[in-house]
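Student: Output the structure for:
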Amino acid sequence: MRRITTLLAAEAANTAGTKVIDIDSSDIISRIVLQFKATNSTGVPAAHPAKQISKIEICDGSDVLFSLSGIEAQALNFYEEDERPVHANMYVNDVMTQSTFHINFGRFLWDTKYALDPARFSNLQLKVTHNKASGGGTPDAGSISAFAMVMDKTDSSPIAFLMAKEIQSYTLTSSAHEYITLPTDYPYRRLIIQSLAAGKQPWEQYNKVKLSVDNDKQVLINNMSTSDLLKIFPHREFTELLVGTGTGSAEGTYCTPGMWAFAALAPLASALSAASVLTQAYGGYLTVLADSGELFQLLIHGKCPHNSMQIPFGEPLEPSTYLDVSKMASLKFDITAGSSVGSSSTCEIVSSQVRSYK
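Tutor: Next up is the predicted model:
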């Protein structure tokens, strides 16, 4: 039987902190759904609502099974599911933003072979670090909730689960190389490079990528430009709805697409109000000019959620095609930054690996 259980009923999250939720289910878990809502007190954007969640972790004591920020989790969800979880990108006074994050343990929902079996662990906990002030329009109230999509043990006999983590985050320096040694403990389903800076496309942040095995004994990606890799690897385009409030001046706002993003804008309140998009949406950011107090809506179409790029390994549904690191002595990135990176920006490396129960 497949069903949804509540790990945490919606509760107030008005004060920044870390919510610890015990995962005491005896059922097999295919997906955990985390939701954060916040009520704006202004229509002036502070940041993308997904930034209200700075860290999502699943731990078993000191053993970390999942550890990503909100924007990292949403980017991974997009590549896993070909769509972003439910999201309300609203910058309107007294209207709620809504951010949803999925923790997927299987190759797809209700995967009977790849799922989280709580019986294999002793003290599973979901830890969510949140701050409502970190996104939206200066929210004055927030709430958090969590749910699990579970299967009976009679229906599922998982042999492994998908584990996702931020491997490294580092400060970017224009045109500099960063050498990153990746773990060689579990097979890789995909890697994600991500660097979110307002007004910057992915290739302006991480410009070239090299991925090599055993000191260049085998080179999987040979110092290729990000702009070329984005044309080679599958990166589906998507459309996002954004609602905001005009101020009468050019104001910046935040969206999810980071590259090749185009916006169509229309007023919501008055047919006579003037509204125009002043800049193209790069790096999840665009500038809008609309009449003071008038609502506007944007349909934003683009790709690279939160300025991310995936590096997939093999067929997503066929584990035998994933990157086997068992015989590798080393797996290393050499990432070259763009010539003019965003101020004080960082770059993150995210992994999705298969962790066996054997």
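Student: Going by C-alpha atoms from here, please, whenever you check contacts or count neighbours.
Tutor: Fine.
Student: which SS class is I71?
Tutor: Following DSSP: H, G, I helix; E, B strand; the rest coil, the label given to I71 is helix.
Student: quick one, what contacts it?
Tutor: 50-51, 306 (CA atoms under 8 Å, 6 or more residues apart in numbering).
Student: Likewise for R84?
Tutor: With contact set as CA under 8 Å, 6+ apart, R84 has these partners: 74-75, 77-78.
Student: now do 6 Å
Tutor: When contacts are counted by CA atoms under 6 Å, 6 or more residues apart in numbering, R84 is found next to F78.
Student: Repeat that for V219.
Tutor: Listed by CA under 6 Å, 6+ apart, the contact set of V219 reads S212.
Student: same thing but at 8 Å, please
Tutor: Contacts of V219 by CA under 8 Å, 6+ apart are 210-213.
Student: Over to R236?
Tutor: 82, 303.
Student: low-confidence ranges in the protein?
Tutor: Residues of the chain meeting the criterion pLDDT under 70: 267, 269-275.
Student: Can you give the domain ranges for it?
Tutor: What automatic domain parsing lists as the domains of the chain is 1-158, 167-358.
Student: From the chain's centroid, how far away is the shortest one?
Tutor: Its chain's average C-alpha position is 11 Å from that of domain 1-158, according to CA atoms, centre = their mean, to the nearest Å.
Student: Out of the contacts of V219, which sit inside strands?
Tutor: Under the assignment DSSP state E, the contacts of V219 contribute 210-213 to strands.
Student: In three-state terms, label A50 for me.
Tutor: Strictly by three-state DSSP, A50 counts as helix.
Student: no no, F78
Tutor: What three-state DSSP gives for F78 is helix.
Student: Now A47: closest residue in space that isn't a chain neighbour?
Tutor: Distance criterion CA to CA, 6 or more residues apart in numbering; nearest residue to A47, sequence neighbours excluded, is G135 at 4.3 Å.
Student: Quick check: the one you found touching Q52?
Tutor: Yes - contact criterion CA atoms under 8 Å: G135 and Q52 qualify, at 5.2 Å.
Student: Please say which of the two ends up with more neighbours.
Tutor: Between G135 and Q52, counted using other CA atoms under 10 Å, Q52 has the larger neighbour count: 25 against 22.
Student: Enumerate every residue touching that one.
Tutor: 36, 70, 130-135.
Student: Need the max-distance pair from those.
Tutor: Largest separation among those by CA to CA: G70 and A133, giving 14.2 Å.
Student: ok, and the most crowded of the contacts of I71?
Tutor: Among the contacts of I71, A50 has the most neighbours (other CA under 10 Å), with 30 neighbours.
Student: circling back to that earlier point, can you add distance to L162 and neighbour count and give the contacts of V219 back as CSV?
Tutor: Putting the contacts of V219 into CSV (distance: CA to CA, whole Å; neighbours: other CA atoms under 10 Å) gives the following:
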residue, distance to L162, neighbour count
K210, 25, 18
L211, 22, 21
S212, 23, 20
V213, 23, 16
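Student: Which member of these is positioned nearest A250?
Tutor: The closest of the contacts of V219, once distances to A250 are taken by CA to CA, is K210, at 39.6 Å.
Student: Wait, V150 touches S30, no?
Tutor: Yes - taking CA under 8 Å as the definition, V150 is a contact partner of S30 at 5.7 Å.
Student: what about D82, distance to Q74?
Tutor: 11 Å (CA to CA, to the nearest Å).
Student: So for the two, which residue has more residues nearby?
Tutor: Set side by side, D82 and Q74 show more neighbours around Q74, with 25 against 13, by other CA under 10 Å.
Student: Let me see the contact set for the more buried one.
Tutor: When contacts are taken as CA under 8 Å, 6+ apart, Q74 is in contact with 50, 84-85, 100-102, 305.
Student: Where does it sit: helix, strand or coil?
Tutor: Of the three states, Q74 takes helix under three-state DSSP.
Student: What of the one 10 residues further on?
Tutor: With three-state DSSP as the basis, R84 sits in coil.
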